[in-house]
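[1] Model the structure of this input:
(one chain, ligands or ions: 1)
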Amino acid sequence: MATVHIPSENRTLTQNDEIRAYLDGIGIAYKQWNPAHQIAKGASAEEVLAAYAPEIERLKAEGGYVTADVIDVTPATPGLDAMLNRFNSEHWHDEDEVRFIIEGRGLFHIHPRDGSVVSITVEAGDLLRVPRGTWHWFDLCQEKRIRAIRLFQDTSGWTPHYTESGADRGYDPVCFGPSYLAPRGTMS
Ligand SMILES: [Fe+2]
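    Model (predicted):
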């Protein structure tokens, strides 16, 4: 289950219905694929895509997505910092950013043009659609682990356009949720 945090209101949402309603209000589609399919540890990308084939085909039909792949990131991924640095500054894309989380966690910040920045901590079972043109940025959580299905409308369009607004520097990349760990120095 995702956790939504709204820093300007010092509010954290943890209930499925309120998360869906709030995110819907800022144009972000959120749902859980439930029950999630069992994926063996170490399953190949092909096995993951095969297990979720019915859901993927439905999404493709709904959103005009043409391809799906599996991204797999661990602390040992070569070039991890360079990869993360491409996406942890505020940017937008020419196509939707659609992610279904298989394993691990991630932190999206969404910056509505006329509203407050919100963070969304996603974990296994969460499906998120960030529509094209939405200002956002992404970080991994402390454990630096995520495995997710990605859907694309046009793989050639997958380039971040940076806003250079600096908005991302005003928010700590802190993940929320059941496994939330307080930043160092805040606990006695
Ligand atoms: Fe992005």
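
[2] quick one, helices of this structure?
    16-25, 45-51, 53-63, 80-87 (DSSP state H).

[3] Show me the one of the ones you listed that comes nearest A124.
    Of all the helices of the chain, the one in closest proximity to A124, counting by CB to CB, is helix 45-51 (12.0 Å). The C-beta positions use only the backbone N, C-alpha and C, and glycine is treated the same way.

[4] neighbouring contacts of the closest one?
    37-40, 43, 56, 68-70, 72, 102, 147, 149 (CB atoms under 8 Å, 6 or more residues apart in numbering).

[5] ditto for stretch 10-26
    1-6, 29-32, 110, 112, 115, 118, 120, 176-177.

[6] so for stretch 64-79, what's the average pLDDT?
    The average pLDDT within stretch 64-79 is 94.

[7] Can you get me a residue count around the nearest residue to I6 once chain neighbours are set aside?
    Distances taken as CB to CB, 6 or more residues apart in numbering place V118 nearest to I6, at 5.0 Å, with adjacent residues excluded. For V118, the count of nearby residues is 23 (other CB atoms under 10 Å).

[8] what's the answer for G63, then?
    For G63, using other CB under 10 Å, the count is 16.

[9] can you pull the contacts of it?
    Contacts of G63 (CB under 8 Å, 6+ apart): 96, 98, 129, 151, 153.

[10] Check A29 too.
    Here A29 is in contact with 23, 127-129, 131 (criterion: CB under 8 Å, 6+ apart).

[11] Any regions of this structure where pLDDT drops low?
    35, 155-157, 178-188 (pLDDT under 70).

[12] H37 versus the residue nearest the centre of it, what's the distance?
    Ranked by distance to the mean C-alpha position of the chain (CA atoms, centre = their mean), the top residue is F108 at 5.2 Å. Distance, F108 to H37, by CB to CB, to the nearest Å: 23 Å.
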